[in-house]
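[1] Whatever this is, show me its structure:
(2 chains)
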Amino acid sequence: MLLVTCPWCGPRDETEFHYGGQAHVPHPADPAALDDRQWAEYVFYRENPKGPFAERWMHATGCRRWFNALRDTASYRILATYRPHEPRPSPQPVETPTAPPSPGDRRAAGSSGGNR
Amino acid sequence: MADLTATGPAALRRSPLAHLTDALRAATVTGPRAVALAEWPCAAMVSLRVDPASPAAGRIAQALGATLPARCGRTASAGSRTTLWLGPDEWLVVAPPGAPAPTAELAAALGEEPGSVVDVSANRTVLELRGPAARQVLEKGCALDLHPRVFGRGQAVSTLVGPVPVVLWRTGVDSYRLLPRSSFADHLARWLMDAMSEYALPEVD
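    Residues are numbered from 1 along each chain as shown, chains lettered A, B, ... in the order given. Prediction:
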């Protein structure tokens, strides 16, 4: 069980939260000007990085507020949580530093990441 | 057509756990590890949403007689009414059964500013769990630290108890109120009765 730190309620069980996909996806300034490809990219296309990924989460059984989390998709470690209007924090200074993984480790860890 | 307004909607209300009153009483555990469960039916509740930094929040605090609690877990009581923190701009005002919901005075205090004041008395019901074993019963299904040094008297949080989302409110040393949504109340009451049953037996080392 993960402990996710809600910016308003503090650390709570992962089961209290809902996942909301990639954060910081800006709504098109002029939606009517988009062609189908651009619209499809806005609606459906998301990053799928290995490593720190900014995501939207919602504290469903707590304060019911949306917030953003920076999660490492390889280790599933939540690096930081922050309120929606706050800027994305830098992933570097948080958590304990670990030895850089060798290429073999990287391949083995790849399947454990990804979205819920 | 029958005149429903003569008695008012409140007189027509049935509590979500009316059918379990006897079962709740029968589930009472006595002895050194006593614990009892009862419904506090038809309490008046008002959902309040307002920007806590706005002048309207100040007027509402004046109407309530207590400042709106500013942090998760905090409550504010004035007279028989208690305001529970539900979110950074959301509160639940709870008044005892029979008391009128303070909707009109809070709506007047809100005025034209953005926000809402809604009577949600039928949204949730209140279960009261009390006794020396009450905390142990809750700890079976609640992941939060309920030790008094963390979760003291007068604190309230939204969380899960068993599978049911509730507002868990500690009202005394050994007494808690649980506020589940009405449609989940039956399941939560049965879950709690089951969790309580072991405390009637001697403790196993």
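[2] which residues are in contact with the lengthiest helix in chain A?
    Longest helix of chain A, by residue count under DSSP state H: helix A:36-44. The set of residues external to helix A:36-44 that reach it, using CB atoms under 8 Å, 6 or more residues apart in numbering or on different chains, is A:25, A:27-28, A:31, A:34. For glycine as for every other residue, the C-beta is placed from the backbone atoms N, C-alpha and C.
[3] so where do the helices sit in the chain?
    Here I'm looking at chain A. Secondary structure of chain A by DSSP H: the helices cover A:36-44, A:103-109.
[4] think we crossed wires, I meant chain B
    Using DSSP H, the helices found in chain B span residues B:4-7, B:9-12, B:21-26, B:55-64, B:103-110, B:134-139, B:182-196.
[5] Nearest to B:Ser121, out of those?
    The minimum distance between B:Ser121 and these falls on helix B:9-12, with 8.3 Å, by CB to CB.
[6] B:Gly31 - how many residues pack around it?
    By other CB atoms under 10 Å in any protein chain shown, the residues close to B:Gly31 number 13.
[7] ok, A:Phe17 touching A:Met1?
    No. Between A:Phe17 and A:Met1 no contact is recorded; they are 11.4 Å apart, counting by CB atoms under 8 Å.
[8] Give me the more crowded residue out of those two.
    A:Phe17 (20 against 7).
[9] Tell me, please, the helix or strand in chain A that averages the lowest pLDDT.
    helix A:103-109 (a mean of 40; mean pLDDT, DSSP states H and E).
[10] per-domain residue ranges of chain B.
    For chain B, automatic domain parsing gives the domain ranges B:16-41+B:125-200, B:43-122.
[11] ok, so what distance separates the residue lying closest to B:Lys140 once chain neighbours are set aside from chain A?
    The shortest distance from B:Lys140 to any non-neighbouring residue, by CB to CB, 6 or more residues apart in numbering or on different chains, is to B:Ala195 (5.1 Å). In this structure, B:Ala195 and chain A are 18 Å apart, going by CB to the nearest CB, to the nearest Å.
[12] neighbours around B:Ala195, how many?
    By the criterion of other CB under 10 Å, B:Ala195 has 22 neighbours.
[13] One more: B:Val157?
    For B:Val157, the count of nearby residues is 25 (other CB under 10 Å).
[14] Can you name the residues of chain A that neighbour chain B?
    A:1, A:8-10, A:12-13, A:15-16, A:60-65 (CB under 8 Å from any CB of the partner chain).
[15] Which of these sits closest to B:Ala63?
    Within these, proximity to B:Ala63 (CB to CB) peaks at A:Cys63, which comes in at 23.4 Å.
[16] tell me which residues form a beta bridge with the nearest residue to the closest one once chain neighbours are set aside?
    Sequence neighbours aside, B:Gly87 is the residue nearest to A:Cys63 in space, at 3.9 Å (criterion: CB to CB, 6+ apart). Going by DSSP bridges, B:Gly87 is paired in beta bridges with B:Glu90.
[17] list the contacts for B:Gly87?
    The contact partners of B:Gly87, by CB under 8 Å, 6+ apart, come to A:8, A:63-65.
[18] Pull the contacting residues for the spatially closest residue to B:Val118 that is not a sequence neighbour.
    Leaving aside its chain neighbours, B:Val118 sits nearest to B:Ser47 (4.7 Å; criterion: CB to CB, 6+ apart). When contacts are counted by CB under 8 Å, 6+ apart, B:Ser47 touches B:90-92, B:116-118, B:120, B:123.
[19] Let's see that with 10 Å instead.
    B:Ser47 sits next to B:86, B:90-93, B:103, B:106, B:116-121, B:123 when contact means CB atoms under 10 Å, 6 or more residues apart in numbering or on different chains.
[20] re the thing from before, got any residues that touch both of A:Phe17 and A:Met1?
    Taking CB under 10 Å, 6+ apart as the contact rule, A:Phe17 and A:Met1 have no neighbour in common.
[21] coming back round to it: just the buried ones out of the residues of chain A next to chain B, please.
    Neighbour counting by 16 or more other CB atoms under 10 Å in any protein chain shown classes A:8-9, A:12-13, A:16, A:60-63, A:65 among those as buried.
[22] what's near enough to touch the most centrally placed residue in chain B?
    In chain B, the residue lying closest to the centroid (CA atoms, centre = their mean) is B:Leu179, at 3.9 Å. Residues near B:Leu179 by CB under 10 Å, 6+ apart: B:40, B:43, B:45, B:84, B:92, B:94, B:123-127, B:156, B:158, B:165-169, B:185, B:188.
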